[in-house]
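In: I would like to see how this sequence folds:
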Amino acid sequence: MTRVAILQMTTGIDPVVNAATIVGAMEHAKAGGAVMLFTPEMSGLLDRDRARAAQSITGEANDPVLAQVREAAARLGLWIAIGSLAIRKEDGRWANRAFVIDDAGEIAARYDKIHMFDVDLANGESWRESSAYAAGDEVVTVNTPVGRLGLTVCYDVRFPALFEALGQLQCDVIAIPAAFTVPTGRAHWHLLQRTRAVEASAFVIAAAQVGQHQDGRATYGHSLAVDPWGEVLLDMGGETSGVGFVDIDPVRTAEVRRQLPSLANRRAIHDEARR
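Out: Here you go, the predicted model:
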């Protein structure tokens, strides 16, 4: 069995404080026998006040959270999947960027969130991620101690084509870090995570933001680990932050794909067939 750790966070508006939380979780994960830690979307800064947030968002080379995490990864000999950080691109726009850091502190992979969260919810919440963030356009996988890891971020979970691509790329595990709103979380969180695990015949590790944040928002929590059959192995609840552990069976993915080879059986659907 391969042990991984999940950090459920209540990220605030100070990157220094958030970095300390992540490094502390890394130490906890290592002490608990994990080979890799997963953190939520926007682990380094969660601030809906974009003018204030802009003062803390820098290029990748100067990001203090990334630097401290890389140092800790090398010191501890621990892999970490940073769910995402807000990174300033060379053109001045921001990227919602996930990172995988290896146990030597090197960046093994980067992924920029593809699908922007532009919605108006019935409770009055309105979000326009695309007004500040540039969407990515690449599907990213990387070899890690948990096998081939596919990278996604939060709202990506609602778009099955991305997960079909990750399944076809033979991902063993897919990371879906998130900062889900409470209304959408109550309605769809568990359903979507289990569905994506089944569709891709892969483990899903969904580290989530939780609780009331300094910027006034509330997030749903319930960080999950789901196996390729759709069974929930870990649910961290919707109340508190902390580190959870789950043991992943490295042969489980292959077993499920042999029993129910949906990826191998899938056929392309063409427009002509629907006319």
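In: quick one: low-confidence residue ranges for the stretch 51-200 of the chain.
Out: 117-128, 130-131 (pLDDT under 70).
In: which residues in it form helices?
Out: Counting by DSSP state H, counting those that start in this stretch, the stretch 51-200 of the chain has these helices, from start to end: 64-76, 160-168, 182-200.
In: counting contacts, what elements does the last one pack onto?
Out: Looking back up the chat, that one is helix 182-200. helix 160-168, strand 173-175, strand 203-206, strand 218-220, strand 224-226, strand 232-235 (3 or more Cβ pairs under 8 Å, 6 or more residues apart in numbering; DSSP states H and E). Backbone N, C-alpha and C define where each C-beta goes, glycine included.
In: now these in CSV, with mean neighbour count and distance to residue 97?
Out: CSV is the format used below for the helices and strands packed on helix 182-200 (neighbours: other Cβ atoms under 10 Å; distance: least, Cβ to Cβ, whole Å):
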stretch, mean neighbour count, distance to residue 97
helix 160-168, 17, 16
strand 173-175, 28, 13
strand 203-206, 29, 18
strand 218-220, 22, 19
strand 224-226, 26, 22
strand 232-235, 16, 26
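In: next one: stretch 16-25 to chain centre, how far?
Out: 17 Å (Cα atoms, centre = their mean, to the nearest Å).
In: revised request: answer the last question for stretch 229-236.
Out: 16 Å.
In: contacts for that stretch, please.
Out: Here stretch 229-236 makes contact (Cβ atoms under 8 Å, 6 or more residues apart in numbering) with 6, 8, 190, 194-195, 197-198, 208, 210, 221-227, 242, 244-246, 252, 256.
In: what average pLDDT does it get?
Out: The predicted model assigns stretch 229-236 a mean pLDDT of 97.
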